[in-house]
Structure formats: structure tokens, C-alpha cells
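Enquirer: Fold the following, please.
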Amino acid sequence: MPQLRIALSQIDSTVGDLAGNADAVLRWTRHGVERGAHLVAFPEMMLTGYPVEDLALRASFVSASGEALRALAARLDEEGLGEVPVVLGYLDRAAEGIRENVGQPAGAPRNAGAVLHRGEVVLTFAKHHLPNYGVFDEFRYFVRGETLPVVRVGGVDVALAICEDLWQDGGRVPAARAAGAGLLLVINASPYEVHKDDTRLDLVRKRAREAGCALAYLAMVGGQDELVFDGDTLVVDREGEVIARGPQFAEECLLLDLDLPAAAQEPPSGTVEDGLRVDHVTLSAAVEPYAPEFPGGEAPRLDDTEEMYEALVAGVRAYVRKNGFGSVLIGLSGGIDSALCAAIACDALGPDQVFGLSMPSAYSSVHSQDDARDLARRTGLNLRTVAVGSMFDAYMAAVELTGLAEENLQSRLRGTLLMAVSNQEGHIVLAPGNKSELAVGYSTLYGDSVGAYAPIKDVYKTGVYRLARWRNEVAERRGQTPPIPENSIAKPPSAELRPGQVDTDSLPDYDELDRVLELYVDRDQGRAEIIAAGHTAELVTEILRKVDTAEYKRRQYPPGTKISPKVFGKDRRLPLTNRWRE
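Expert: Numbering: from 1, shown residues only. Have a look, this model is predicted:
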């Protein structure tokens, strides 16, 4: 059987940074070639970053992507790397003849892949199955491809596919079997969510058996706005047994020596499964037998809580760094939410780039102020204290406010102060709200909702506690100081906007609240189904009413890292004006 050494480059890219992404391709290609790779591959939309959203509809950007691809092919050859085929994703457009089809996006953009060899773009193809659910809007942006691309490398026929081509039945998976491929290579930019790695592994195993060949699932890492990409590149044999598995949340060139079936003497041609036309290119004959150096193996796995935490860290790091910021500012109340956000930011950026602002009012307890100082001591972040009492008094002297208006004024004064310091010193503000609060509207617009990014907006309150305890336990195991004060974890949560206030004055116990919210928000279950799951009708009705009437608040909340099946914003989009009630 022919031998083939593949280099699967599980790396990050930045949307719109064509030059920087091309440099990364060149650098990692050299890394693979120097280690004897016969084929080097990169993730979906590597050259442009992913997702490009409405940039796909901008003709100048599509043209720039094509020009960058051709320039990259030439550059690889000029630097002595052209003999090794390189597979990567980019943004393309359909042929001139089909641009004006009714109902397709302007300019007929394509989520495309290309094979670069000897200074040329020798093969291009486009994603066949276009996802149009959750965070994906690919019917809006792309037209699909209708070919089965196959390249013959080292005497092996390698079929190529892009992300959703694997997730949907039909298309390129059965077509790869019909074409007699020895390897199905799938390039991906599949966003992270909890438990998705298990789903992904089961899928890859199933598709390998359907394709009748080994399958390499190459993933992206890094972050883009709300989305985080967790890596976890997979290679399985034709029976679905794992040969190699890459790390999570880390760049890696996964090198692997494979023994694969020899390609048929006659290259596959014609039309195969689902009407796909085989597009075959022969690039290199079988290599001389060699001693394998990279037999595979699996990187250590993270448990679910560690995955969640690493995703949140990756989200903050990517948003801050890719947008050119150097530091972040957080309002530190001494509570669990701001404490967890601060710990995440310190792990993402380093404590010297994290600035905390304690803003006590007349209702702020002494222990909360002490907890904020303790957090700063434990993490090493920068902390200053600016009391808002005098500001509050000045407002109250000018206008008479009572009840909720008086409470919210304190929050809005803190938001104004945070933004003033942000403008003055150049930090971006992190909003500390969690998913439970956002779901039921338990947040003050233009107060605790101010900020550029919201690290835990997709984490329910019960998850906040779980993550905080986990982070402290990890620190203890490592012989480090736990970053989050125990008192922030143990005390009853409170906004401290009136004497003796606690969250349960306005909300159900978080354990029960979160169970209802998960059914309603994440799983789209209706009132009757939630009641049937064991929750009282009165409680369910009240929680659903709060969720439905708070949509206008969520629409104005900052973006934040997606870790669940349905994050507010990209995943869950409801009308602001809406009289439907469950």
C-alpha cells in the first residue's frame, strides 16, 4: 500500500487579514515540508478568515481573496515549497455563466477550497452542502459547488470536502466511495459548543465507514467575535477507529504517516453520487517506501468544565487581540460574575493588562469591597476604587427618583464611569452579565450592560459557580493561589442596589431557573413541555414572560463567547415587538 505523510495544520486565522493569513500558510507549510510531508492542508476559509459574513457580498473582497490565493501559490513555489500540494479554504465566486441565477446572493460567492502546486492553483471547488441554521447563514452568502474534487498525491486518490459536506447525508461522502478514494480530507471551521467534540467524533467515525476510506477532519482554532474554534482535528481509518487526534484550543501541525489504498490505474471520472461531477488532478506518483516517523496518537482530552473555561479564555483573547486592543477594564463588585470575568481576562491577557474598578455606593457592603480587593491580590490585576455616592447624591438632588429608577441610577452611574475611564485610558470594558440574567432581563440597560465584550453572556448562573469552583481547584492542584475569593462564591448573589437585597427577591432559585431556561432558550421547548418536565405552571409562566419581554435588552447587549447550542444574538433571533406568548 502507498505511504502518505500528511500535515494537518490546525491553526488560527483572522477575518480580512489576507496578508497575515497567507504568511501563516507559508510558515506552517514550511514546517510540514521540512518534516517530509507529501500533502499539507489548512482549515476552511483559511485565507480570508471565517465567518466573513457580508464581506462575501463585497465584490472587492472576493476579488482580493482570489488575487491573494494566486499570489500565495507563486510565493510557495518561489520559496522552494511548491512541490508539495497545499489544500486550503478561501472565498471565491462562481463562473460568469451562472452569476445571475434567481435567488442566489449577489456576485455568486463561494465558500471554496483550492489546491496549490508548483506555483499554480491546480484545482478549486466549493462547499456542496450549505448550512443555514444556528449561527450559519450560508444560503445568504454562497452558492454551492457541484463537483467531487479528487487529487492524486503519492499514488493515492484524496477526495476533498468542506465542513458541512460531512454533517449532511449524501453529497461528497458517498461520492468519495463511488470514486474509489483512499482518503477523504475535510477542511473545517466548526464553532465550539459544549459536548460538540463527542458529537463530532461519532460523526467522523460514521462518515468514514460510509465513504469506505480513511477520513481526516481538519479543524480551525482561535476566535472570531462570538465564535470560538476548538481544534480537535481527527483522523480515523475506514472502520472509524481513531488514528490521531489533535489538541483542543491550541495551534498544532498534526503530522501523520498513513498506509492507504493505491489509486486505480484509470483516474475516476464522470458523474457519481448525488450528481457530483468528478474533478480529478494527478499531482504525484507513489513515493518510495520509507520508515514511518509519525504513527499518530491522541492529545489529552479536556473535561466539559475545562473545555468551557478554555473556550471563554480563547474568546476574550481573540476579541481583544484581533481588534488591536491591549487591555480590559472590569467593574468589580465583589460578586461571582465579575470575579469570574476577571479571572478569565487574567488568564487570557495576563493580569498586568486587566484593570478593575471598584465603585461602591451607600448600599455596597464592606465585605463586597473587601472581596474586590482580595480578588486583585489573588490575581495580580490592577485595582482602583472610585465611590459613586457623591455622584448619586448630585443626581438625586436634581431629580426625584424612587424604587427601581433609584436602583438603576446607581448601575448607570457605574456604567458611565467605566466608559469614561475606558475613553481616557484606552481599555475596553468587559460586561459581566451571565445568561440567566440576560434571559430574564435582570440587568440594567446602559448600566451593567455597558461594554465591548461579554465573556460569560452564554453561561448560566449555575455554570458560573461551577466554572469558578473549577478554576480555584485547578489553582490549588498546581500549588497556586486560587484566583476567586471563596466569599464571592459562598455569599448569596446580590446587585446591592438597596438595603439587604438578594437576587432571589426578584428571581427563582438559580438551580430551578436555569433548568427552565435551558428548556425554553436552548431547546426551544414550549410552556406545556416545560411544565410536563416537572415545573409548576405558575413558575414557568412567570419565567417565560420575563424572557419574552426582555428581548429589547438583549438586542443591545455586547457580543460574547458562544459555548451553548443557542447563544443570545447569533443563534436566537426574535422580534422586539412580539405579542406571542406561550
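
Enquirer: Go ahead and confirm Leu413 touches Ser390.
Expert: No - using CB atoms under 8 Å, Leu413 makes no contact with Ser390, being 10.1 Å away. Backbone N, C-alpha and C define where each C-beta goes, glycine included.

Enquirer: ok, those two, which is more surrounded?
Expert: Neighbour totals were compared for Leu413 and Ser390, and Leu413 leads with 19 against 7 (other CB atoms under 10 Å).

Enquirer: Pop out the phi and psi values for Leu4.
Expert: In terms of degrees, to the nearest 10, the main-chain angles of Leu4 are phi -140, psi 130.

Enquirer: Could you pull up phi and psi at the residue nearest to it when sequence neighbours are not counted?
Expert: In space, Leu4 comes closest to Gly154 once its chain neighbours are excluded; the distance is 4.6 Å by CB to CB, 6 or more residues apart in numbering. Backbone torsions of Gly154, given as degrees, to the nearest 10, read phi 60, psi 30.

Enquirer: ok, Gly154 to Glu288 distance?
Expert: In this view, Gly154 and Glu288 are 10 Å apart by CB to CB, to the nearest Å.

Enquirer: These two - which one has more neighbours?
Expert: Neighbour comparison, Gly154 and Glu288: the larger count goes to Gly154, with 23 against 5 (by other CB under 10 Å).

Enquirer: Kindly provide the distance from the more buried one to Asp12.
Expert: Separation of Gly154 from Asp12 (CB to CB): 28 Å.

Enquirer: center of this protein, which residue is that?
Expert: Val228 (1.7 Å; CA atoms, centre = their mean).

Enquirer: Tell me the secondary structure of that one, please.
Expert: With DSSP: H, G, I helix; E, B strand; the rest coil as the basis, Val228 sits in strand.

Enquirer: Then Tyr90?
Expert: strand.

Enquirer: Any regions of the stretch 451-582 of the chain where pLDDT drops low?
Expert: By pLDDT under 70, the low-scoring segments of the stretch 451-582 of the chain are 494-506.

Enquirer: Helices of that one, start to end?
Expert: Remark: helices assigned in the stretch 451-582 of the chain by DSSP state H, counting those that start in this stretch are 461-477, 486-490, 510-517, 527-532, 537-549, 551-555.

Enquirer: Dump those into CSV; add mean neighbour count and distance to Trp580 as well.
Expert: Output for the helices of the stretch 451-582 of the chain, formatted as CSV (neighbours: other CB atoms under 10 Å; distance: least, CB to CB, whole Å):
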stretch, mean neighbour count, distance to Trp580
helix 461-477, 18, 27
helix 486-490, 16, 39
helix 510-517, 20, 18
helix 527-532, 16, 11
helix 537-549, 16, 8
helix 551-555, 16, 11
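
Enquirer: how about low-confidence regions in this structure?
Expert: Short version for the chain, where the test is pLDDT under 70: 96-103, 364-365, 494-506.

Enquirer: Remind me which helix or strand the residue located most distally from the centre of it belongs to.
Expert: The C-alpha centroid of the chain is most remote from Ala397, which lies 47.2 Å away (CA atoms, centre = their mean). When elements are assigned from DSSP states H and E, Ala397 belongs to helix 389-398.

Enquirer: and that helix, what other elements does it pack with?
Expert: The contact analysis (3 or more CB pairs under 8 Å, 6 or more residues apart in numbering; DSSP states H and E) places helix 389-398 against helix 403-425.

Enquirer: following the helix it packs on, which helix or strand comes up?
Expert: By DSSP H and E, the next helix or strand past helix 403-425 is strand 428-429.

Enquirer: how about the nearest residue to Ala161, chain neighbours excluded?
Expert: In space, Ala161 is closest to Arg172, 4.2 Å off (CB to CB, 6+ apart).

Enquirer: Hmm, Glu146 and that neighbour touching each other?
Expert: No - using CB under 8 Å, Arg172 makes no contact with Glu146, being 10.7 Å away.

Enquirer: who touches both of those two?
Expert: His128, Leu276 (CB atoms under 8 Å, 6 or more residues apart in numbering).

Enquirer: ok, now how distant is Ser564 from Cys163?
Expert: Taking CB to CB, one finds Ser564 at 20 Å from Cys163.

Enquirer: Between the two, tell me which one has more neighbours.
Expert: Cys163 (27 against 20).

Enquirer: distance of the residue lying closest to that one once chain neighbours are set aside from His31?
Expert: Closest residue in space to Cys163, ignoring its immediate chain neighbours: Asn188 at 4.3 Å, by CB to CB, 6+ apart. Using CB to CB, Asn188 is found at 20 Å from His31.

Enquirer: The two: which is more packed in?
Expert: Taking neighbours as other CB under 10 Å, Asn188 and His31 compare with Asn188 leading, 27 against 15.

Enquirer: Number of residues surrounding Val204?
Expert: 21.

Enquirer: and the helix holding Ala397 with helix 403-425, angle?
Expert: Here helix 389-398 runs at an angle of 130 degrees relative to helix 403-425 (axes from the mean of the first three to the mean of the last three CA atoms, to 10 degrees).

Enquirer: Check which residues of helix 389-398 are buried.
Expert: Buried residues in helix 389-398, defined by neighbour count with 16 or more other CB atoms under 10 Å: Met391, Phe392.

Enquirer: and if you look at stretch 520-529?
Expert: By 16+ other CB under 10 Å, the buried positions in stretch 520-529 come out as Tyr520, Val521, Asp522, Gln525, Arg527.

Enquirer: now, the most widely separated pair of those?
Expert: Within these, Asp522 and Arg527 form the most distant pair, 15.6 Å apart (CB to CB).

Enquirer: Looking only at neighbour counts, state which of Arg172 and Glu146 leads.
Expert: Shown here are Arg172 and Glu146; by other CB under 10 Å, Arg172 has more neighbours (32 against 17).

Enquirer: now the more buried one: how far from Leu166?
Expert: Distance of Arg172 to Leu166, given as CB to CB: 8 Å.

Enquirer: and what of Ile456?
Expert: From Ile456 to Leu166 the distance is 31 Å (CB to CB).

Enquirer: before we move on, what about Val62?
Expert: With CB to CB as the criterion, Val62 and Leu166 are 25 Å apart.

Enquirer: Just confirm Val194 contacts Thr561, I think it does.
Expert: No - look at Val194 against Thr561 with CB under 8 Å: they stay out of range, at 11.8 Å.

Enquirer: overlap in contacts of those two?
Expert: By CB under 8 Å, 6+ apart, no residue touches both Val194 and Thr561.

Enquirer: Name the residue in these two with the higher neighbour count.
Expert: Counting neighbours by other CB under 10 Å for Val194 and for Thr561 shows that Thr561 has the greater number, 28 against 16.

Enquirer: what's near enough to touch the nearest residue to Gly270 once chain neighbours are set aside?
Expert: In this structure, Gly270 finds its nearest non-sequential neighbour in Val278, 6.2 Å apart by CB to CB, 6+ apart. Applying CB under 8 Å, 6+ apart, we find Val278 in contact with Thr147, Leu148, Val150, Ala175, Ala179, Pro268, Ser269, Gly270, Thr271, Val272.

Enquirer: Which among the residues you listed count as buried?
Expert: If we count by 16+ other CB under 10 Å, these have these buried: Thr147, Leu148, Val150, Ala175, Ala179, Pro268, Val272.
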